[in-house]
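In: Here is my input, please return the structure:
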Amino acid sequence: MEISGSDSDGREFKNAEEMWREQVGDPSKKTDWYRHGVGYWEGVEASVDGVLGGYGHVDKADILGSEAFLNTLFSERFPNAAAPNQHHLVALDCGSGIGRVTKNLLLRYFNEVDLVEPVSHFLEAARESLSLENHVASEMHKATNFFCVPLQEFTPDAGRYDVIWVQWCIGHLTDNDFVSFFKRAKVGLKPGGFFVLKENIARSGFVLDNVDRSITRSDSYFKELFRQCGLHLYKSKDQKGLPEELFAVKMYALTTELPKKVHHTRSKGQINRPRIIK
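Out: Residues are numbered from 1 along each chain as shown. Below you'll find the model as predicted:
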């Protein structure tokens, strides 16, 4: 991919291929890439402030932005979802961390939510906080399955999910594993189901974080990967209300079928220092 970029130390790369060749050019390097990424998060406390990289105060703005986006998608994709006994909605929370998005958003809209997260102490914290005993869930809205598996190794059950939510985690996947994951995950969607990808956006090209082994991609970089995945952009929206020193954040709704109308939203480009939040 002819997209230039840099790393968190200021080193420049001519294109993504050069960077990926250096980072994961042989099996041992690829193993190290993922081991270091998970290892970074294994050293982070299982709290909202921990998983948000010390920016726990952005939780409210993040959830409000996601909810507004989800409400729009629901009204268009599942207009009869509120009808009693008509729909049993199921979501998958990818890179779920401590279950923050599941707890504060998804459980209010879906009857079941499954969580997939490679960091074991995050997933155990999610299991505890989302348990029926803690009165977060109910028999009608509950966290059902907890998968301690990295996304590059995860394959969902066929036809289980109305929505697969992927937030602040896809930067840990190489381009090849990004494409492979979404191609596998497509089979997990019900007819009419869709993906939501919410992620940090680089102003241009990409930024490699040498500390936690992740990459922040630009909007055009993401769109090229969506094309390779065979996914179609249904709608996108910029997240508002986050601190200026953070990367911009964008939400994408992706479908397996070509939408009748594609909605585009322009991002306000600005230079931000690298910051990865989960």
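
In: The stretch 1-150 of the chain: strands as residue ranges?
Out: With strands called from DSSP state E, counting those that start in this stretch, the stretch 1-150 of the chain shows them at 5-7, 12-13, 90-94, 112-116, 142-147.

In: winner for burial among the ones you listed?
Out: Mean neighbour count (mean count of other CB atoms under 10 Å) peaks for strand 90-94 among the strands of the stretch 1-150 of the chain, with a mean of 26. Yep, even glycine has a C-beta here, placed from its N, CA and C like the rest.

In: in its sheet, what does it sit against?
Out: Paired with strand 90-94 in the same sheet, following DSSP bridges, are strand 112-116 (parallel), strand 161-167 (parallel).

In: got a list of contacts for the first one?
Out: Contacts made with strand 112-116 from outside it, assessed by CB atoms under 8 Å, 6 or more residues apart in numbering, are listed as 88-96, 99, 102, 106-107, 123, 126, 130, 141-147, 149, 151, 154, 156, 160-161.

In: Could you rerun that using 7 Å?
Out: For strand 112-116, contacts defined as CB atoms under 7 Å, 6 or more residues apart in numbering pick out 90-94, 96, 99, 102, 106-107, 123, 126, 142-147, 149, 151, 154.

In: Repeat that for the longest one.
Out: Judged by CB under 7 Å, 6+ apart, the contacts made with strand 161-167 from elsewhere in the structure are 89-95, 101, 106, 185, 188-190, 193-198.

In: what's the spacing between it and its chain's center?
Out: Relative to its parent chain, strand 161-167 has a centroid offset of 9 Å by CA atoms, centre = their mean, to the nearest Å.

In: And stretch 53-60, by the same measure?
Out: So, by CA atoms, centre = their mean, the centroid of stretch 53-60 is 16 Å from its chain's centroid.

In: buried sites along that stretch?
Out: Of all the residues in stretch 53-60, those buried under the rule 16 or more other CB atoms under 10 Å are Gly53, Tyr55, Val58, Asp59.

In: what does stretch 18-36 give?
Out: Under the neighbour-count rule (16+ other CB under 10 Å), stretch 18-36 has Met19, Trp20, Gln23, Val24, Lys30, Trp33, Tyr34 buried.

In: so which of those comes closest to Val249?
Out: Met19 (22.3 Å; CB to CB).

In: how many other residues sit next to the residue nearest to Ser66 when sequence neighbours are not counted?
Out: Computed as CB to CB, 6 or more residues apart in numbering, the closest residue to Ser66 that is not its neighbour in sequence is Leu105, at 5.6 Å. Neighbour count of Leu105, defined by other CB atoms under 10 Å: 21.

In: list the contacts for Leu105?
Out: So Leu105 contacts Ile63, Ser66, Glu67 (CB under 7 Å, 6+ apart).

In: Only whichever of the residues you listed are buried, select them in PyMOL.
Out: In PyMOL, this line selects whichever of these come out buried by 16+ other CB under 10 Å:
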select buried, resi 66
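
In: Do a quick rundown of the helices in the stretch 51-200 of the chain.
Out: 59-77, 100-104, 120-129, 175-185 (DSSP state H, counting those that start in this stretch).

In: hey, which of these is tucked in deepest?
Out: Comparing these by mean count of other CB under 10 Å gives helix 100-104 as most buried, with a mean of 23.

In: can you list contacts of that helix?
Out: Here helix 100-104 has contacts from 48, 51, 59, 63, 93, 96, 113, 115, 129-130, 136, 143, 165, 167, using CB under 7 Å, 6+ apart.

In: try stretch 127-145
Out: Residues contacting stretch 127-145 (CB under 7 Å, 6+ apart): Ile98, Gly99, Thr102, Lys103, Leu107, Phe110, Asn111, Glu112, Val113, Asp114, Leu115, Phe146.

In: Ok, stretch 195-204 next?
Out: 66, 163-168, 170-171, 216-219, 231, 247-254, 267, 269-271, 276.

In: Emit the PyMOL select command for whichever of those are buried.
Out: Selection command for PyMOL covering only the buried members of the contacts of stretch 195-204, criterion 16+ other CB under 10 Å:
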select buried, resi 66+163+164+165+166+167+168+170+171+216+217+218+219+231+247+248+249+250+251+252+253+254+267+276
